[in-house]
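>>> Just to be clear, the model below is a prediction. Sequence and coordinates:
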Amino acid sequence: LGVDRGVAVTRVEDDGKTAAGVAPGVETEPSLASVENIGISDEDVVHVSGADLISEAGARVLVHWVLGLPKRTTVVLAATPAIALVDPQILTELLARVDILTMNIRGAAVLSNILADIPGVGSVSAALKKGATVVRRKGKLGCIITQDDKDVAEIPAYTTTVVDTSGVGDTHVGVMCAALLQGYSLVEACRRANAGA
């Protein structure tokens with residue numbers, strides 16, 4: 001029928017923390033024709049989520065497309081814990097093109113474990129191209145921006161009453177990308193992203 005048949009279930013705890021379970025079929029698989037028709041320029045920001053890479057066929061299409069983007073186009077990868085389901089070869093191909101890698105603490109642990117087992121890679125910094133930036137989201141502690149294994153900035157979170165953390169990471173990434181498109185520095189984009197999240 002051409003419709004997705006998967007299920008995503010999110011559980012919200014009393015303190016606002018969430019846990020999600022996703023069954024195959026929720027994701028969609030883009031065709032090369034559908035993404036190649038997107039007009040991308042040097043000034044654009046392209047965001048890829050770890051969840052976009054779960055389907056091997058879809059991941060191969062996205063990685064092929066990303067590797068063909070203009071060199072000055074900013075590529076952002078949000079390394080969600082779903083990357084545990086991604087083919088490590090596909091992941092390393094993509095990481096070599098990524099300009100900004102953003103992830104929370106859990107995503108960072110998953111990615112580190114995957115890359116540690118790949119001969120010739122071994123770590124996140126070794127998988128990224130020189131000059132790539134990492135934004136580590138630390139929840140109520142804000143985020144840290146790192147480049148070439150050196151902390152560039154630590155940006156505190158805004159104080160708020162937590163009701164539901166669903167979508168907090170997506171909001172952070174979305175606001176950060178939007179701010180970068182508006183010409184803000186990455187530090188200011190992350191400050192705005194902290195506020196949005």
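Good, I have the coordinates.

>>> I figured residue 65 was touching residue 34, is that so?
No: using C-beta atoms under 8 Å, residue 65 is not in contact with residue 34, being 9.5 Å away. Placement of C-beta: from N, CA and C, glycine included.

>>> More neighbours: which of these two?
It is residue 65, of residue 65 and residue 34, that has more neighbours when counted by other C-beta atoms under 10 Å, with 18 against 12.

>>> Give me the number of neighbouring residues for the residue nearest to residue 84 when sequence neighbours are not counted.
Leaving aside its sequence neighbours, residue 84 sits nearest to residue 110 (C-beta to C-beta, 6 or more residues apart in numbering; 5.0 Å). Residues lying near residue 110 (other C-beta under 10 Å) number 21.

>>> residues contacting residue 110?
Counting by C-beta atoms under 8 Å, 6 or more residues apart in numbering, residue 110 touches 79, 81, 83, 84.

>>> Over to residue 152?
Residues in contact with residue 152 (C-beta under 8 Å, 6+ apart) are 133, 145, 146, 187.

>>> what do you get if the cut-off is 10 Å, keeping everything else the same?
The contact partners of residue 152, taken as C-beta atoms under 10 Å, 6 or more residues apart in numbering, are 133, 134, 135, 144, 145, 146, 186, 187.

>>> In a strand, it, correct?
Yes: when DSSP: H, G, I helix; E, B strand; the rest coil is applied, residue 152 is found to be in a strand.
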